[in-house]
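Peer 1: Mind folding the following:
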Amino acid sequence: MHAANDNNRFYILDSMAREGDKFSMTWLRNWLVDYHLAPPRMAANDNTPGAMPIEHETNVYEPDALGLIETLARDEHEGTSNYSAATHEAEYHLRRYRTVKKIWPTAVYDAQDEMARYLDAKKAREHLGGDSTILDMATDIGVRYRDIGRHIGATGSIDTLERHGKAKLKSVIKKFADWAA
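Peer 2: Numbers count the residues shown, from 1 in each chain. This is a model prediction of the structure:
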């Protein structure tokens, strides 16, 4: 595998999939989807996200040579050559950007569900304490069991770090599953 792609993998989830550990994978997925600490996607009192959409304007670089070609053709046809560099710059910059309006969010979120998810995430993190960091690490790209082993203070060879990290992660997943079930 190339070094550039080395940190773009979910090593822990890949390992669990190879082992067939569906229990751990299911609870890590639940942690990632339902217990992340991202703020709620809607205001607490807003159950109609389509009522007041948020508009974002972006400028898209889109050079338009058609006008320049038409002007040059007209100049050549009429035998005039009044198309100066200044005219070119002015016309080019007028056509250079166009404004695109996007409505965000594109998906509809229920504010009550989002607030409940956020409050549950906070409760779960309070219950787990520092162990919540281990679940965050396990669902992150490029993290291996040895990184969790180092995080909990294990020392020794890479195999030792891997064993300690894996054992700690499994115990935290069990603790989380018992609490959430």
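Peer 1: Show me the shaky parts of the protein.
Peer 2: Along the chain, segments meeting pLDDT under 70 span 1-8, 41-69, 71-72, 79-109.
Peer 1: can we see that at 90?
Peer 2: Filtered on pLDDT under 90, the chain yields the residue ranges 1-10, 13, 32-119, 139-142, 180-181.
Peer 1: Walking through it, point out its strands one by one.
Peer 2: Using DSSP state E, the strands assigned to the chain run over residues 54-61, 97-104.
Peer 1: what's the domain layout of the protein?
Peer 2: Domain segmentation of the chain under automatic domain parsing yields 3-40+107-180, 54-104.
Peer 1: Count the neighbours of Ile173 for me.
Peer 2: Per other CB atoms under 10 Å, the neighbour tally for Ile173 reads 24. The C-beta positions use only the backbone N, C-alpha and C, and glycine is treated the same way.
Peer 1: what's the answer for Ser132, then?
Peer 2: Counted with other CB under 10 Å, the neighbours of Ser132 add up to 19.
Peer 1: Need the CA coordinates for stretch 168-181. CSV is fine.
Peer 2: The C-alpha trace of stretch 168-181 is given here as CSV (Å, rounded to 0.1, in the frame of the first residue of the first chain):
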residue,chain,number,x,y,z
LYS,A,168,-9.5,-1.5,26.2
LEU,A,169,-11.7,-0.7,23.1
LYS,A,170,-13.7,-3.9,23.5
SER,A,171,-14.3,-3.1,27.2
VAL,A,172,-15.4,0.5,26.4
ILE,A,173,-17.7,-0.8,23.6
LYS,A,174,-19.3,-3.2,26.1
LYS,A,175,-19.7,-0.4,28.7
PHE,A,176,-21.3,1.8,26.1
ALA,A,177,-23.6,-0.9,24.8
ASP,A,178,-24.8,-1.8,28.3
TRP,A,179,-25.5,1.9,29.0
ALA,A,180,-27.3,2.6,25.7
ALA,A,181,-29.3,-0.6,25.5
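Peer 1: If anything else comes up later, I'll come back, but that's it for now.
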